[in-house]
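J.: When you get a sec, could you give me coordinates for this:
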Amino acid sequence: MRKFRSTLSRLFHLGHDQDDPEMIDETIRSGISVGGTNLWVLFFAILIASIGLNVNSTAVIIGAMLISPLMGPIVGVGYGAGVKDLQLIRLSLRNLGVFVAISLSTATLYFLLTPLTDAQSELLARTSPTLWDVLIAFFGGAVGMIGATRRYSSNVVPGVAIATALMPPLCTAGYGIATGNLHYFGGAFYLFTINSVFIGFASLLVVKLLHLPERGEINDTTRHRTRIVIGIVVVATAVPSAFLAYDLVVQKVFEQTANRVVQSIDSDKRYVLLGREISVQEQRVLLTIGGEGQLDEIRAEVERQFVANGYEGVNVSVRHIGSEKFDVTLLKQELQQQVFSNTLKELQDSIALTRNLENEIKLLKAGREDQERLIKEIAAQYPEARRITVGNGSKAQRGTAKTEIAMIATLTVDQPVSAQERTRLLAWLKARYADQAIELVVTEERPPTPPAKKSRAKH
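T.: As a prediction, the model looks like this:
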């Protein structure tokens, strides 16, 4: 058991590739800065995110999240609390306030000027935060802080920037201000608050876990007061999201139940279900049918199934296509909306697939052009090479199933190449392709000896 614990401790130990504490401190403090580069990057990132929300482009929104500097001050607050640096906490909070003010102002101005005023799905998705957003922000903040303390850079920070979205909620809040919609503003700004608080809280816990050295001294009264403030802020931020998550679960369960009930009615061969309208908030179901079924009988069956699933008092309405009160125009509109939605989804999927294929073609073309340049460069350095072949391949070690992509360069020469020349060429290739494994193969192939000329005998 002790050996098992020792193995687990060694596997999960974070000190293997942890950076020097001074470098960690310098990196985090550099991300807090408000002036210069960070301010311009923030300004353009807000515009990019606002445009992405406005035209409902997920790719554009992700791009804005990747370049946003908003994570810096938030991580700075958590780091400052962890190392007991009150001055750093105040600086981070002040700079975060400046960032938020600039972001809201820029987004509001954009949405006041844009001719596209409809709220798209990407924008609406940022108006109803729940407990799951709390969990995402907390775990994302923890991963982000671990990544920031590593000696070598990784893809952790970009992934955290995408998962714990900070920029889109602020842009959505700006949209709420521009349109006078307090519901959008409140929901979006609450989502931003959730992300900020729990990223900072997770950063604080990671700093304590890594035992980073303290940068300041505070007395017991201040320490106790700080813990109380942190606890109040964390609880006050999380509790409303728990209630919103409960409402969301209740709504989703009702929606799933309603779909199951409607599906069972649709399987009856006596009539055809032409349309459905399910209101989750009002717990109301409206069915449009055609065929021989009796309206009262169908309504009673739907109500019975809802009661069997634990829902009493659901408002069930059934209308028949042959009824005098039936509105054919409304049915046409519903069918047209359904067809339009399906067609739009298929079109969006086709566009996304086309873009992916175009990107793959561009990458393949760029790779081929790069290989052609590489061949010319090697030929210029080694004119004695008879044949040069370069390309990408899979590399694996004997006894393991793990493979990696490697750049393979093969030279065929007439004369042997010295070990020094091989080392030099390999070092040059590794410098040129720093993020890729390199395999160099040099083979010797002497040119064929021409046949000797036969001498003619003199007669």
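
J.: how does this structure divide up, domain by domain?
T.: The chain breaks down into these domains under automatic domain parsing: 12-217, 378-444.

J.: Can you give me the buried ones in stretch 59-77?
T.: Buried residues in stretch 59-77, counting neighbours by 16 or more other C-beta atoms under 10 Å, are found at 60-65, 68-77. Bear in mind the C-beta positions are built from the backbone N, C-alpha and C, glycine included.

J.: Closest one to A49 out of those, please.
T.: Closest to A49 out of those is A64 (3.5 Å), distances taken as C-beta to C-beta.

J.: per-residue confidence at that closest one?
T.: A64 is assigned a predicted lDDT (pLDDT) of 83.

J.: Over to L109?
T.: 94.

J.: residues in contact with it?
T.: 174, 178 (C-beta atoms under 8 Å, 6 or more residues apart in numbering).

J.: can you give me the helices in the stretch 201-350 of the chain?
T.: Remark: helices assigned in the stretch 201-350 of the chain by DSSP state H, counting those that start in this stretch are 220-266, 295-308, 328-381.

J.: again, but for the stretch 1-150 of the chain
T.: Using DSSP H, counting those that start in this stretch, helices in the stretch 1-150 of the chain cover 2-11, 21-30, 37-55, 58-67, 71-82, 86-113, 121-124, 131-148.

J.: Would you mind telling me which of those helices is nearest R432?
T.: helix 58-67 (26.2 Å).

J.: Check the burial of G186 by counting its neighbours.
T.: By the measure other C-beta atoms under 10 Å, the count of residues near G186 is 13.

J.: who's in contact with it?
T.: Contacts of G186 (C-beta under 8 Å, 6+ apart): G176.

J.: and it, what element?
T.: helix 182-210 (DSSP states H and E).

J.: Give the buried residues for that helix.
T.: 184-185, 187-207, 210.

J.: circling back: of the helices of the stretch 1-150 of the chain, give the one that comes closest to T237.
T.: Per C-beta to C-beta, nearest to T237 of the helices of the stretch 1-150 of the chain: helix 131-148, 7.6 Å.

J.: Pretty sure G82 sits against F201.
T.: No. Using C-beta atoms under 8 Å, G82 is not in contact with F201, being 10.3 Å away.

J.: so where is the stretch 1-150 of the chain shaky, pLDDT-wise?
T.: For the stretch 1-150 of the chain, the stretches with pLDDT under 70 are 1, 4, 6, 8-10.

J.: try 90 this time
T.: 1-43, 45, 56-72, 81, 84-86, 115-150 (pLDDT under 90).

J.: who touches P115 in this structure?
T.: Contacts of P115 (C-beta under 8 Å, 6+ apart): none.

J.: Name the nearest residue to L274, sequence neighbours excluded.
T.: In this structure, L274 finds its nearest non-sequential neighbour in T288, 4.6 Å apart by C-beta to C-beta, 6 or more residues apart in numbering.

J.: Q281 now?
T.: Counting by C-beta to C-beta, 6+ apart, Q281 lies nearest to Q251, which is 7.4 Å off, once chain neighbours are set aside.

J.: wait, doesn't the one you found sit right on E282?
T.: No. The pair Q251 / E282 is not scored as a contact, 11.1 Å apart, by C-beta under 8 Å.

J.: Just to be sure, A409 is in a strand?
T.: Yes. Residue state for A409 (DSSP: H, G, I helix; E, B strand; the rest coil) corresponds to a strand.

J.: What's the local residue count around the residue lying closest to N195 once chain neighbours are set aside?
T.: Counting by C-beta to C-beta, 6+ apart, the nearest residue to N195 once its immediate chain neighbours are dropped is A137, at 4.4 Å. Neighbourhood size, A137 [other C-beta under 10 Å]: 31.

J.: give me every residue that touches A137.
T.: 164, 194-199, 202.

J.: possible to save these as a markdown table with pLDDT and distance to V143?
T.: As requested, these are exported to a markdown table (pLDDT from 0 to 100; distance: C-beta to C-beta, whole Å):
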| residue | pLDDT | distance to V143 |
| --- | --- | --- |
| T164 | 65 | 9 |
| I194 | 91 | 17 |
| N195 | 90 | 14 |
| S196 | 91 | 16 |
| V197 | 92 | 17 |
| F198 | 92 | 12 |
| I199 | 91 | 10 |
| A202 | 91 | 8 |
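
J.: Show me which of those residues is closest to L347.
T.: Scanning the contacts of A137 for proximity to L347, where the rule is C-beta to C-beta, the winner is T164, at 31.1 Å.

J.: Neighbours of H211, how many?
T.: H211: 11 surrounding residues under other C-beta under 10 Å.

J.: my bad, should have said I278
T.: Applying other C-beta under 10 Å, we find 17 residues neighbouring I278.

J.: Quick check, it in contact with E255.
T.: Yes. Contact criterion C-beta under 8 Å: I278 and E255 qualify, at 6.4 Å.

J.: Buried ones in stretch 118-137, by neighbour count?
T.: Buried positions in stretch 118-137, judged by neighbour count with 16+ other C-beta under 10 Å: 119, 122-123, 126-131, 133-134, 136-137.

J.: same thing with stretch 223-241?
T.: 230, 234, 237-238, 240-241.

J.: cool, stretch 100-109 as well?
T.: Buried residues in stretch 100-109 (16+ other C-beta under 10 Å): 100, 102-104, 106-109.

J.: With distance to A49 as new columns, can the residues you listed be given to me in a markdown table?
T.: Shown next, in a markdown table, are the buried residues of stretch 100-109 (distance: C-beta to C-beta, whole Å):
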| residue | distance to A49 |
| --- | --- |
| V100 | 14 |
| I102 | 13 |
| S103 | 9 |
| L104 | 12 |
| T106 | 10 |
| A107 | 8 |
| T108 | 13 |
| L109 | 14 |
